[in-house]
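Chemist: Fold the stuff below for me.
(chains A, B, C and D)
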Protein chains: 4
Amino acid sequence: MSTATVKTLDAIARIRQEVCTLHAELTRYGLVVWTAGNVSARVPGRDLMVIKPSGVSYDDLTPEQMVVTDLYGVAVDGDADGEWGNPPLSPSSDTAAHAYVYRHMPDVGGVVHTHSTYATAWAARGESIPCVLTMMGDEFGGSIPVGPFALIGDDSIGQGIVETLKNSTSPAVLMQNHGPFTIGKDARAAVKAAVMCEEVARTVHISRQLGEPLPIDPAQIDSLYDRYQNVYGR
Amino acid sequence: MSTATVKTLDAIARIRQEVCTLHAELTRYGLVVWTAGNVSARVPGRDLMVIKPSGVSYDDLTPEQMVVTDLYGVAVDGDADGEWGNPPLSPSSDTAAHAYVYRHMPDVGGVVHTHSTYATAWAARGESIPCVLTMMGDEFGGSIPVGPFALIGDDSIGQGIVETLKNSTSPAVLMQNHGPFTIGKDARAAVKAAVMCEEVARTVHISRQLGEPLPIDPAQIDSLYDRYQNVYGR
Amino acid sequence: MSTATVKTLDAIARIRQEVCTLHAELTRYGLVVWTAGNVSARVPGRDLMVIKPSGVSYDDLTPEQMVVTDLYGVAVDGDADGEWGNPPLSPSSDTAAHAYVYRHMPDVGGVVHTHSTYATAWAARGESIPCVLTMMGDEFGGSIPVGPFALIGDDSIGQGIVETLKNSTSPAVLMQNHGPFTIGKDARAAVKAAVMCEEVARTVHISRQLGEPLPIDPAQIDSLYDRYQNVYGR
Amino acid sequence: MSTATVKTLDAIARIRQEVCTLHAELTRYGLVVWTAGNVSARVPGRDLMVIKPSGVSYDDLTPEQMVVTDLYGVAVDGDADGEWGNPPLSPSSDTAAHAYVYRHMPDVGGVVHTHSTYATAWAARGESIPCVLTMMGDEFGGSIPVGPFALIGDDSIGQGIVETLKNSTSPAVLMQNHGPFTIGKDARAAVKAAVMCEEVARTVHISRQLGEPLPIDPAQIDSLYDRYQNVYGR
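Modeler: Numbering: from 1, shown residues only, chains lettered A, B, ... in the order given. Presented below is the predicted three-dimensional model:
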């Protein structure tokens, strides 16, 4: 095997392990029930991604079950750089949306989708989450925006995610009546964004139940965001 | 032993194992406290069902404790096809309702009953859960309906379940002032319906706390349901 | 040692084990944080009780740490029937309230106190929980009543518990601004009542957040209670 | 090594162990997600403190990773009393606030910061938590106050904490739009205050959702607090 071949196969094995393991963070933080949430990662430097198989319980996931697809969501077992194999399983039914994001946002290395309760509750009202917490300034740099209502089956969901996020500092979008999608430089960052999205969705919801949260000055939000992303390191 | 005998006994042993194990999903997702929830399964091709014993803690359940009854809820230790034995325990106090469902809905292979918090909260108001989430379109094909108030002790609960569900796409019914019952092609599908019923009951409740969720067009709900049940496979 | 001695010592050892173990149900169901909740049991036929020591974390509890006291809450290391020893720990700061209940309600074999969230939220408003759930009819036979505001330090809390419960079917009382106390024929029954009290406090609270739960006819509540206590066996 | 050297090194090793272990209480009680919360302790008799490193997951924390800093938050590997070493990790990004508290409140031996949901929800509205629960009288001796809005990066947060707490019986302050900080005579007491702060924030919030909690007479709050702090022992 050539060096390039070995490097690609090693990268895919490593990413399968990482994507598999990260699903445990979705269950740990209560973001998903049954099989309704998924993590994917881009294979760096290749037009490939790795994603959860459809319909497999989180407890039963193994690295070998993670499906390798091209950036149109088609499962691919290998190429000129070698054979990595694929399980006899379909990729997640949300694969097309993940793939669309990787095709149109080249800096994105990881995507996560959940139906986490509080974020989905905001999404059902089509309401963005206002930035009234310093931790929200740190992580999101402003409000968490709402994306359009879109049906599964074509590129509508992917388009809605990309159009909403491309001009936002937020790594999370609440797809209307559906739930959150989050992005990150890698899969771990996208999982962190999913965890923090639910955390702020819950905290701001609960705060608003008994009155109106105090606004934070936009200049102070910018200051928090700049510091967290640059000084603190994200 | 004849082949038929072996086949029946093997099926009952397998179903006892499955019904026992599935109760762990009720505790995992917080659908039950103490002993207040139960799973049953039909024995395929036989007028028999398998159900949780009454009053046993979920931690202590073993497959051998699962009670085999006829479809009137009477414990039966064996028949012409062999002796499968039964524990010295009564079947769940909800057995009559499960049995009624199996007698009147021949396609149903599994039934689950819980008092899960949010679903029961809707049931206490006698209010159906509107379909305002795409995952609800997928799983329920519309709103989750309310069944009548009915006392335990005769067939009232079973009748209420069957009359409510027979003309609905929903596999879940909220029995008024009582709690949800769910059905499925097998026990695992009924447990999934119980988990998803609480999930959407909670999410729609929380969404409505701060305003009105946006409706989804009925044609789009149909489209979601058809795709999920047929294309995606349920 | 005489037979009576052995019997008393065996009973105390068994009850210490049971009381210790039952505290795990308080943490399992999220009824307590830190060290703020306690279980006790009467020693049958003796003027003695067994209760959690003060200030010990639930993880660290051992049977030997459970404190034996008389029915005035004074730790007692032994008597004419033998020496059972006591740990170098004080009994729970709520011991006087438990002891008062045992002195004045001879059928009570177990007492539990928690600050479980939803029950305490009703208690802070001084509001009883209306019986709008069939499971509440089963377990409580009506609403869960409120007891008076009372300070720790004398018999006020115990008196408030006894006066509220002696004419009620409910095994739970919500002490105003304080939290629930529950009773049972033994410690396990009192723990079950504490678990069910929080369960119905939470479910009725959530139901009322979006409207008014439908009432259940008092005759039907009586019917549910009679059946559950007598036919089903409690 | 001199006796003083050994004593300092032993104390630092013991405190690193304690601070590391106490983080597990933050996750146990759901006060933190991802890496967003931290515990510190003063090294008794020294101008030193021990704090969580920045960006390390709670599961991965080891005692050796706890960072020793001076009371200006600068990591220090050793001094005339010996070399205790430090990991190649930065101290928590909240270190400056902890350090300010130790410099200005000599009786404080432990500090905790979280973004626990309900406490942060009150903080986002800039609203103090009224003392309407006996357990709140015990632990806080009155309401839990709000501190000013302050940005990270200088001493503003530390000043806000100290100015709010120095004249209060409460060991917890809700920093506006940010979250709670708690103090204690040692790190364990500060963790207990963080746990109880979220507990009362949640219970009072839920109580207020359906009406107004009944007030407790200030003299009775004083009585509860005095008894708990003095008689019961804190």
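Chemist: Where does chain A get nearest to chain C, which residue?
Modeler: In chain A, the residue that lies nearest chain C is A:Gln209 (9.0 Å; C-beta to the nearest C-beta). No exception for glycine: its C-beta is placed from N, CA and C like everyone else's.
Chemist: any idea how far D:Trp122 is from that residue?
Modeler: Going from A:Gln209 to D:Trp122 by C-beta to C-beta, to the nearest Å gives 11 Å.
Chemist: The residue of chain A closest to chain C: what's it in contact with?
Modeler: B:Gln209, B:Leu210, D:Ala121, D:His205, D:Gln209 (C-beta atoms under 8 Å, 6 or more residues apart in numbering or on different chains).
Chemist: Looking at these, spot the one nearest C:Ala96.
Modeler: D:His205 (30.7 Å; C-beta to C-beta).
Chemist: tally of neighbours for that closest one?
Modeler: 21 (other C-beta atoms under 10 Å in any protein chain shown).
Chemist: and it, which of the three is it?
Modeler: helix (DSSP: H, G, I helix; E, B strand; the rest coil).
Chemist: Name the nearest residue to it, ignoring sequence neighbours.
Modeler: Sequence neighbours aside, D:Tyr118 is the residue nearest to D:His205 in space, at 5.3 Å (criterion: C-beta to C-beta, 6 or more residues apart in numbering or on different chains).
Chemist: so which strand or helix has the one you found?
Modeler: helix D:117-125 (DSSP states H and E).
Chemist: OK, contacts around the spatially most central residue of chain A?
Modeler: Centroid-nearest residue in chain A: A:Val112, 2.2 Å away (criterion: C-alpha atoms, centre = their mean). Contacts for A:Val112 (C-beta under 8 Å, 6+ apart) come out as A:26, A:37-40, A:181-184, A:187, A:190-191, A:193-194.
Chemist: Is it in a helix, a strand, or coil?
Modeler: strand.
Chemist: any idea how far D:Ala96 is from it?
Modeler: Taken as C-beta to C-beta, the span from A:Val112 to D:Ala96 is 32 Å.
Chemist: try A:Val67
Modeler: Taking C-beta to C-beta, one finds A:Val67 at 46 Å from D:Ala96.
Chemist: go on, A:Val195?
Modeler: 25 Å.
Chemist: Strand A:110-114 and the longest helix seen in chain A, what's the angle between them?
Modeler: For chain A, the helix with the greatest residue count under DSSP state H is helix A:3-28. On the basis of axes from the mean of the first three to the mean of the last three C-alpha atoms, to 10 degrees, helix A:3-28 is oriented at 30 degrees to strand A:110-114.
Chemist: and helix A:3-28, which residues are buried?
Modeler: Across helix A:3-28, burial judged by 16 or more other C-beta atoms under 10 Å in any protein chain shown covers A:8-9, A:11-12, A:15-16, A:18-20, A:22-23, A:25-26.
Chemist: now for that helix, which elements pack on it?
Modeler: Here helix A:3-28 touches strand A:37-43, strand A:48-51, strand A:82-83, helix A:187-209, going by 3 or more C-beta pairs under 8 Å, 6 or more residues apart in numbering or on different chains; DSSP states H and E.
Chemist: Format the ones you listed as JSON lines; extra columns: mean pLDDT.
Modeler: Below are the helices and strands packed on helix A:3-28 laid out as JSON lines (pLDDT from 0 to 100):
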{"stretch": "strand A:37-43", "mean pLDDT": "98"}
{"stretch": "strand A:48-51", "mean pLDDT": "98"}
{"stretch": "strand A:82-83", "mean pLDDT": "93"}
{"stretch": "helix A:187-209", "mean pLDDT": "98"}
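Chemist: Could you give the average pLDDT over whichever helix or strand comes after the helix holding D:Tyr118?
Modeler: Sequence order places helix D:134-140 as the next helix or strand after helix D:117-125, per DSSP H and E. Per-residue pLDDT over helix D:134-140 has a mean of 98.
Chemist: count of residues packed around A:Ser116?
Modeler: When neighbours are counted by other C-beta under 10 Å, A:Ser116 comes out with 29.
Chemist: What is the burial count for A:Lys185?
Modeler: Count around A:Lys185 with other C-beta under 10 Å applied: 14.
Chemist: Now it. Its backbone dihedrals?
Modeler: With angles defined as degrees, to the nearest 10, A:Lys185 sits at phi -70, psi -20.
Chemist: Pretty sure it sits against A:Pro106.
Modeler: No. A:Lys185 is not in contact with A:Pro106 according to C-beta atoms under 8 Å; the separation is 11.3 Å.
Chemist: ok so, going back, can you tell me which of the contacts of A:Val112 are buried?
Modeler: Among those, those scoring as buried are A:26, A:37-40, A:181-184, A:187, A:190-191, A:193-194 (criterion: 16+ other C-beta under 10 Å).
Chemist: So which of those residues is the closest to chain B?
Modeler: A:Gly37 (10.5 Å).
Chemist: Once you drop chain neighbours, what's closest to that closest one?
Modeler: A:Thr114 (4.0 Å).
Chemist: do A:Gln220 as well
Modeler: Using C-beta to C-beta, 6+ apart, the closest residue to A:Gln220 is D:Leu151 (6.3 Å).
Chemist: Next, that neighbour: secondary structure please.
Modeler: coil.
Chemist: Can you check what angle separates the helix holding D:Tyr118 from helix C:117-125?
Modeler: Using the same axes, to 10 degrees: helix D:117-125 against helix C:117-125 is 50 degrees.
Chemist: Can you name every helix or strand that helix D:117-125 contacts?
Modeler: Against helix D:117-125 (3+ C-beta pairs under 8 Å, 6+ apart) you get helix A:187-209, strand D:172-175, strand D:179-184, helix D:187-209.
Chemist: Which one of those lies nearest to C:Ala4?
Modeler: helix D:187-209 (44.0 Å).
Chemist: got the buried residues for the helix or strand containing A:Ala219?
Modeler: Using DSSP H and E, A:Ala219 falls within helix A:218-226. Residues of helix A:218-226 classed as buried by neighbour count (16+ other C-beta under 10 Å): A:Gln220, A:Ile221, A:Ser223, A:Leu224, A:Tyr225.
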